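Visitor: model this:
(one chain, ligands or ions: 3)
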Amino acid sequence: MAYGYWKSGRGEQEVVFNLFFRRNPFKGGYAIACGLEYILDYLQNFRLDSSDISYLASLKGNDGKVLFEADFLDYLSNLKFSCTVDAIPEGTVVFPHEPLLRVRGPIIQCQLIETPLLNIINFQTLIATKASRVVWASKGESVLEFGLRRAQGIDGGLAASRAAYIGGCDATSNVLAGKLFGIPVRGTHAHSWVMSFESELEAFETYAEIMPNNCVFLVDTYDTIEGVKNAVKVGQKLREKGYKLAGIRLDSGDLAYLSIQARKILDEAGFSDTVIVASNDLDEEIIESLKNQEAQISVWGVGTKLVTAYDQPALGGVYKISAIRRKDGSWDYKMKLSEQSIKISNPGIQQVKRFEKNGEFIGDMIFNEENFTESHSYTMIDPADSTRFKTFSDEKNENLLVRVFENGKITFQNPNIQQIRNRVKEQLSKFHAGIKRFVNPHSYPVGLEENLWSLKHELVRRLRKKM
Ligand SMILES: Nc1ncnc2c1ncn2[C@@H]1O[C@H](COP(=O)(O)OP(=O)(O)OP(=O)(O)O)[C@@H](O)[C@H]1O
Ligand SMILES: O=P(O)(O)OC[C@H]1O[C@H](OP(=O)(O)OP(=O)(O)O)[C@H](O)[C@@H]1O
Ligand SMILES: O=C(O)c1cccnc1
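Guide: Ligands and ions are numbered 1, 2, ... in the order given. Next up, the predicted model:
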């Protein structure tokens, strides 16, 4: 496509693209925007070096001839990224059809970055959302991300650890993620530690001698209840030396039943401060169920199902063109038609206003920034049902998209990972709890500002007539 735009003399034509998703992941009521930091890094380093150009020069078409002419490759080797990018900051709660990113600039450049942008945002947004659900299920108890061993490759594992921390996990067992992103690292020990000794007791005792301050014993290698008793024996020795038995970990069997039994044994031996960690294919639904069963677990180790987003392995984010600059300087608004109304994209230079009343978010309005004036009162229409509308008068509001890249430079100070994680917490606390429930969540109102709604319907009529 880039070659086509260049060859037809349209490569520099100014356009606007929006990146958005159409459905909340996990049949949930929201998503958490994540991945902007990677995007800014990518855009800042965007270039094709000589090895890229040589590779492209070697590509042949179906006729066996060289695919790209030398002048085009020359153009590519001199290409500097000059688009203007607006984005919703990481850690913001977002909803279907809201542009998470808006890219404006020469069509060749906007197009070349489509796949990287989608790759980064789709994955990290998905994992941050999954993490926030797992954390919601844990009701404020600690969630440790244990996913690297089953993550989608090393780079996927790294990005997943970052997104999981942003989504609300407290720490990761991925030490590289700790080093690179400043995420706290935590972990216990594996069955192999126990199995490498003659007995479980000897394994725990040796561990306690070496790391008396970090004893969380995995008790299920042979028999969980016997394992808890062994942990208590070592705990008593630790106590005599002035240390504490920090915890035990359950990794198999009925986690509700075993945690209740383990709690009794620990309490009776005076270890009421010793925490019970659980792991084993946990996700938000199992955690919710275990809590309903009054499981005595206070730290949750969650791996595979979190970092692979097991029940929905991809967010369906897309990148659609929504405006093209005409020669006379005006915008020609664009949209994609579809038989399915959910797939009809929105036209315009889109921005999102989030309204707030008494500390609670009450609705988001997508509007066309061109020909838009700030006022006291706004009306938005439900895109799925034009008879439903919502009016906002004098309510506090905020435009969600901010300028992050302009004239080849980053123009936005991305907050540090801690601040992004705090933003998630703060944002989630301002939405009605109904959007967070797992079954049939409440649908938060997101509408089209009335002029954008009219523009969209006028365009649909015109496009359908043309066909
Ligand atoms: N009380 C419970 N209620 C709901 N789910 C549970 C409960 N206890 C454990 N689970 C979950 O059920 C699944 C049990 O997995 P599985 O059948 O592999 O059993 P296991 O005891 O782990 O066996 P193995 O010893 O082979 O690991 C896990 O996802 C676990 O988190
Ligand atoms: O279940 P997840 O959510 O992915 O959490 C991480 C899992 O990885 C480990 O299991 P593994 O079977 O690899 O055993 P190990 O502890 O003996 O290494 C750990 O014991 C957890 O069960
Ligand atoms: O217990 C742990 O620390 C652990 C287990 C599996 C994966 N990561 C960490």
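Visitor: so what's the closest residue in space to residue 213 that isn't next to it in sequence up against?
Guide: Spatial nearest neighbour of residue 213, chain neighbours left out: residue 243 (6.3 Å); criterion: C-beta to C-beta, 6 or more residues apart in numbering. Heads up, the C-betas are built off the backbone N, CA and C, glycines and all. Each residue near residue 243 by C-beta atoms under 8 Å, 6 or more residues apart in numbering is listed here: 208, 212-213, 215.
Visitor: again, but for residue 405
Guide: 40, 43-44, 83-85, 411-412.
Visitor: flag every buried residue along stretch 300-312.
Guide: 300-309, 312 (16 or more other C-beta atoms under 10 Å).
Visitor: for residue 281, what are its contacts?
Guide: 304-305.
Visitor: for residue 147, see how far away it is.
Guide: If you measure residue 281 against residue 147 using C-beta to C-beta, to the nearest Å, the figure is 12 Å.
Visitor: intersection of neighbour lists for these two?
Guide: What both residue 281 and residue 147 touch, as defined by C-beta under 8 Å, 6+ apart, is the set residue 304.
Visitor: farthest from the middle of the protein: give me that residue.
Guide: residue 240 (46.0 Å; C-alpha atoms, centre = their mean).
Visitor: follow-up on the earlier one: which of the contacts of residue 405 are buried?
Guide: 40, 43, 83-85, 412.
Visitor: phi, psi for the residue farthest from the centre of the chain please.
Guide: Backbone torsions of residue 240, given as degrees, to the nearest 10, read phi -60, psi -30.
Visitor: how far away is it from residue 208?
Guide: 11 Å.
Visitor: ditto for residue 38
Guide: 41 Å.
Visitor: go on, residue 365?
Guide: Residue 365 is 59 Å from residue 208, by C-beta to C-beta.
Visitor: when those two are compared, which one has more neighbours?
Guide: residue 365 (24 against 21; other C-beta atoms under 10 Å).
Visitor: list the beta-bridge partners for the more buried one.
Guide: residue 353, residue 447 (DSSP bridges).
Visitor: now render the buried ones among the contacts of residue 405 as TSV, adding secondary structure.
Guide: As requested, the buried ones among the contacts of residue 405 are exported to TSV (DSSP: H, G, I helix; E, B strand; the rest coil):
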residue	secondary structure
40	helix
43	helix
83	coil
84	strand
85	strand
412	coil
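Visitor: farthest-separated two in those residues?
Guide: Within these, two members stand farthest from each other by C-beta to C-beta: 83 and 412, at 14.2 Å.
Visitor: pLDDT (mean, whole number) over stretch 175-188?
Guide: With pLDDT averaged residue by residue, stretch 175-188 scores 98.
Visitor: straight-line length of that stretch, end to end?
Guide: Stretch 175-188 has its terminal residues 13 Å apart, counting by C-alpha to C-alpha, to the nearest Å.
Visitor: in it, what counts as buried?
Guide: Within stretch 175-188, judged by 16+ other C-beta under 10 Å, the buried ones are 177-178, 181, 183, 186-188.
Visitor: and stretch 371-389, by the same measure?
Guide: 372, 378-383.
Visitor: among those residues, which two are most distant?
Guide: It's 372 and 382 that sit farthest apart of these, by C-beta to C-beta, at 19.5 Å.
Visitor: can you pull the pLDDT of residue 49?
Guide: 97.
Visitor: list phi and psi for residue 389.
Guide: phi -140, psi 170.
Visitor: so it versus residue 448, what's the distance?
Guide: Residue 389 sits 10 Å away from residue 448, going by C-beta to C-beta.
Visitor: what's the closest non-adjacent residue to the closest residue to ligand 1 within the stretch 301-450 of the chain?
Guide: Ligand 1 sits closest to residue 305 of the stretch 301-450 of the chain, with a gap of 8.3 Å, by C-beta to the nearest ligand atom. Closest residue to residue 305 apart from its sequence neighbours, by C-beta to C-beta, 6+ apart: residue 283 at 4.0 Å.
Visitor: how about the residues of the protein near ligand 3?
Guide: Contact residues, the chain versus ligand 3 (C-beta under 6 Å from any ligand atom): 146, 149, 173, 187-188, 249, 301, 303.
Visitor: which SS class is the single nearest residue of the stretch 101-250 of the chain relative to ligand 1?
Guide: Scanning the stretch 101-250 of the chain for the residue nearest ligand 1 gives residue 220, at 7.6 Å (criterion: C-beta to the nearest ligand atom). What three-state DSSP gives for residue 220 is coil.
Visitor: could you dump the contacts of residue 243 into a markdown table and include distance to residue 52, secondary structure and pLDDT?
Guide: Listed next are those as a markdown table, based on distance: C-beta to C-beta, whole Å; DSSP: H, G, I helix; E, B strand; the rest coil; pLDDT from 0 to 100:
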| residue | distance to residue 52 | secondary structure | pLDDT |
| --- | --- | --- | --- |
| 208 | 55 | helix | 98 |
| 212 | 54 | coil | 98 |
| 213 | 51 | coil | 96 |
| 215 | 52 | coil | 98 |
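Visitor: that's all I had, so thanks and see you.
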